[in-house]
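> Sequence unavailable; structure follows:
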């Protein structure tokens, strides 16, 4: 046989590349070798050029970049449904933080993160940006499962189950950065929780580390009306303007939520190239409000999608998040033309990569990028006929329609079977752990 030997060829599908031109290929071929995409073309153009160790027949299917979840707290999958239908501050202060103090340790974080990873892989997520506790354990289980992760130890002014002071948390963050700096699947972020839970000194120290090591700065920002009102009473500034006054805002900042913004805030976010992680389902469930995403996009801001944690969503399905994001803003703006399907899919793929600072590596199916690719089976009643691939993905498909997931050129799910996790044992272990939790 002639042709270059490669690892995987995905052939015959509708390839949504999410490249700059938004190229879509009918009957396209994606060629993967050594974790990289080495060719993306129409089928006839590559005929006879490659000899594959594995060929995936994608006829009647969509091939697209893996989804990127830019804000979550993965291990909180263990608290799914523990304290629902409550305002954010009551949910956090009276239920979640006490439960974390009592039950969360390194082993629990490993278990909860594995549960979340299983859910994310099953629903087509190939990269997640995490802010939680014991993030070294998060990194370890993510690497073992073969999923790409940005990990950030949550920094707060009060003791956490992992560190007694924010200063210890900052030192731990630097240790994480040094430990994982050469791991292709893991990137470390600095992760102060919020303006209201971190002192100015902690926020500035976190920014210093972000600049020193060129890593992301991940924070909750302007999530609730109370947060915005309290900040105005305290210092006469919005939360966004407050971070600007501290010299924190910049292109490394990943700001989750960004709901209660002024026009000046929107322009400042765009000007400083801050990345916004939009979490519509969690924001709706906690009644935090509706982020001005169309206005942020119109201002030129970088905007991506996240699920938030599975205790406030209560799932990690990015397909559901896309569908919600598109429809929420249409009805809120009384305009069916805003947040069209292609824009929303961009937010969940290459837009997410931009917010994480990874757009040169992931987020689209292009030659030279890392091979994070998913295949969606369209041979189902709710996914035929196919007129517009973008609309089909955003409005009709769900996480359960993902058939194959490839991350860094490695198949982690094939034909709906997880290949790097023991799903049955995982579920048994989670049931056993949850049996120890008291009602909150």
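Cool, got the structure. Fair warning: this is a prediction, and the values are worked out from it, not measured in the lab.
> Pull up the pairing partners for the one helix or strand residue 411 maps to, direction included.
Assigned by DSSP states H and E, residue 411 falls within strand 410-414. Its sheet considered, strand 410-414 pairs with strand 402-407 (antiparallel), strand 417-418 (antiparallel) by DSSP bridges.
> Just send those back as JSON lines, with distance to residue 242 and mean pLDDT too.
For every residue, glycine as well, the C-beta is placed using N, CA and C. Formatted as JSON lines, the strands paired with strand 410-414 follow (distance: least, C-beta to C-beta, whole Å; pLDDT from 0 to 100):
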{"stretch": "strand 402-407", "distance to residue 242": "37", "mean pLDDT": "98"}
{"stretch": "strand 417-418", "distance to residue 242": "43", "mean pLDDT": "98"}
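> ok, and which of the ones you listed has the densest surroundings?
Neighbour counts (mean count of other C-beta atoms under 10 Å) averaged over each of the strands paired with strand 410-414 peak at strand 402-407, with a mean of 26.
> Other residues contacting that strand?
By C-beta atoms under 8 Å, 6 or more residues apart in numbering, the residues outside strand 402-407 that reach it are 8, 32, 56, 61, 66, 121-124, 126, 146-148, 185, 371-377, 411-416.
> How far away from the center of its chain is the host helix or strand of residue 7?
Here residue 7, judged by DSSP H and E, is contained in strand 4-16. Distance, stretch centre to chain centre, for strand 4-16: 25 Å (C-alpha atoms, centre = their mean, to the nearest Å).
> Which other helices and strands does it contact?
Strand 4-16 is packed against strand 24-33, strand 50-57, strand 61-65, strand 373-377, helix 389-391, with contacts defined by 3 or more C-beta pairs under 8 Å, 6 or more residues apart in numbering; DSSP states H and E.
> give me that answer again for 6 Å
strand 24-33, strand 50-57, strand 61-65 (3 or more C-beta pairs under 6 Å, 6 or more residues apart in numbering; DSSP states H and E).
> Mean confidence (pLDDT) on the shortest one, please.
The average pLDDT for strand 61-65 rounds to 98.
> Quick one: residues in contact with the following helix or strand past that strand.
Note on strand 61-65: by DSSP H and E, the next helix or strand toward the C-terminus is strand 67-72. Residues from elsewhere that reach strand 67-72 (C-beta atoms under 6 Å, 6 or more residues apart in numbering): 124-125, 127-130, 256, 277, 279, 304, 306-307, 309, 318, 348, 352-353, 355.
> Among those, which are located in helices?
If you go by DSSP state H, those have 318, 348, 352-353, 355 in helices.
> By neighbour count, which of the residues you listed wins?
Neighbour counts for these (other C-beta atoms under 10 Å) peak at residue 352, which has 33 neighbours.
> What distance do you get for that one to residue 143?
To residue 143, residue 352 is 20 Å away according to C-beta to C-beta, to the nearest Å.
> Next: residue 211.
From residue 211 across to residue 143, the span is 26 Å (C-beta to C-beta).
> Residue 322 too?
The gap separating residue 322 from residue 143 is 27 Å, by C-beta to C-beta.
> what's the answer for residue 223, then?
From residue 223 to residue 143 the distance is 30 Å (C-beta to C-beta).
> higher neighbour count, these two?
Higher neighbour count among residue 223 and residue 143: residue 223, with 27 against 16, using other C-beta under 10 Å.
> Can you verify my assumption that the more buried one contacts residue 257?
Yes. Residue 223 is in contact with residue 257 according to C-beta atoms under 6 Å; the separation is 3.9 Å.
> low-confidence ranges in the protein?
Counting by pLDDT under 70, the chain contains low-confidence ranges at 1-2, 438-440.
> Direction included, what does the strand holding residue 7 pair up with?
Partners of strand 4-16 in its sheet, by DSSP bridges: strand 24-33 (antiparallel), strand 50-57 (parallel), strand 61-65 (parallel).
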